[in-house]
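1. please find the sequence and the predicted model below.
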Amino acid sequence: MNFTRRDALVIGAGAFTAALLPIQAFASLADDAEAAFTGGAATTDGGIELTAPEIAENGNTVPVAVSAPGAVSIILIAAGNPNPDVATFNFGPLSGSQSASTRIRLAGTQDVVAIAKMADGSFARAASTVKVTIGGCGG
Amino acid sequence: MASGVKPRVKVPKTAAAGETITIKTLISHKMESGQRKDSDGNLIPQSIINTFTCDFNGQNVISVELHGAISTNPYFQFEATVPESGDFTFTWNDDDGSTYTDTKSIAVS
């Protein structure tokens, strides 16, 4: 079977796209998780604060804190994890402030996203890039 | 993983009425993420704590849904308003159906 120059280009482009697929698959999972929480509504910047380290040496325990005054619930998403869901905080009537902190696992260097659902139904979004030296996914 | 699970909670003993206090909770749990493989290359099934709730005298303070990306020994820090003396109830629900609870009393002076 002889390849023409054009065939070779097409095959090459196909292989290149296939190699990129896993990354895109993770990204779309994160988008799905965001859409599931917001219901497709637009998000605004500001009104929510996400505190995460710039560099995490150990991806198994990365301390993160979120704070969003006036929020009903806050969702945390790790865009580069095999399963992007991290946690959802729902604040009850006796919560002193709409803030919480915890420790999470990150598979590698990636964006951590926090989205707050405000009492009036709007959504605020914050993201922060965390560099991870050792991934936290086992394997 | 119902053995060796020990909740630890830090709540101040006294507070002024209406004061906002900080609560820290930690529970020892493996939080098997479902991503790891054993020495034979088989996936270890997920086994995590999936929800955590904190109530004060029956009123909700915070409830959290956990997924596989929460670290081993899940730790939470949050704030609560204390209107009167009473008890904080902390509840963790495991994937295997177990429930772990802890209570702490607080006196309002």
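-> Done, it's in.
2. and A:Pro69, what element?
-> In the assignment (DSSP states H and E), A:Pro69 maps to no helix and no strand.
3. ugh, wrong one, I meant A:Ser28
-> Here A:Ser28 is assigned to helix A:5-38, by DSSP H and E.
4. relative to whichever helix or strand comes after that helix, what are the paired strands and their orientations?
-> Next helix or strand after helix A:5-38 toward the C-terminus (DSSP H and E): strand A:43-45. Next to strand A:43-45 in the sheet, as set by DSSP bridges, lie strand A:123-134 (parallel).
5. can I get the CA coordinates of the partner strand in CSV?
-> The C-alpha trace of strand A:123-134 is given here as CSV (Å, rounded to 0.1, in the frame of the first residue of the first chain):
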residue,chain,number,x,y,z
PHE,A,123,-22.8,32.2,40.6
ALA,A,124,-19.3,33.4,41.4
ARG,A,125,-16.2,31.6,40.2
ALA,A,126,-12.5,31.7,41.2
ALA,A,127,-9.7,29.6,39.9
SER,A,128,-6.1,29.1,41.0
THR,A,129,-3.3,27.1,39.4
VAL,A,130,-1.4,24.7,41.7
LYS,A,131,1.9,23.2,40.7
VAL,A,132,2.2,19.7,42.0
THR,A,133,5.6,18.0,42.4
ILE,A,134,4.4,14.5,43.3
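6. flag every buried residue along it.
-> For strand A:123-134, a neighbour-count test (16 or more other Cβ atoms under 10 Å in any protein chain shown) marks A:123-126, A:130, A:132 as buried. The C-beta positions use only the backbone N, C-alpha and C, and glycine is treated the same way.
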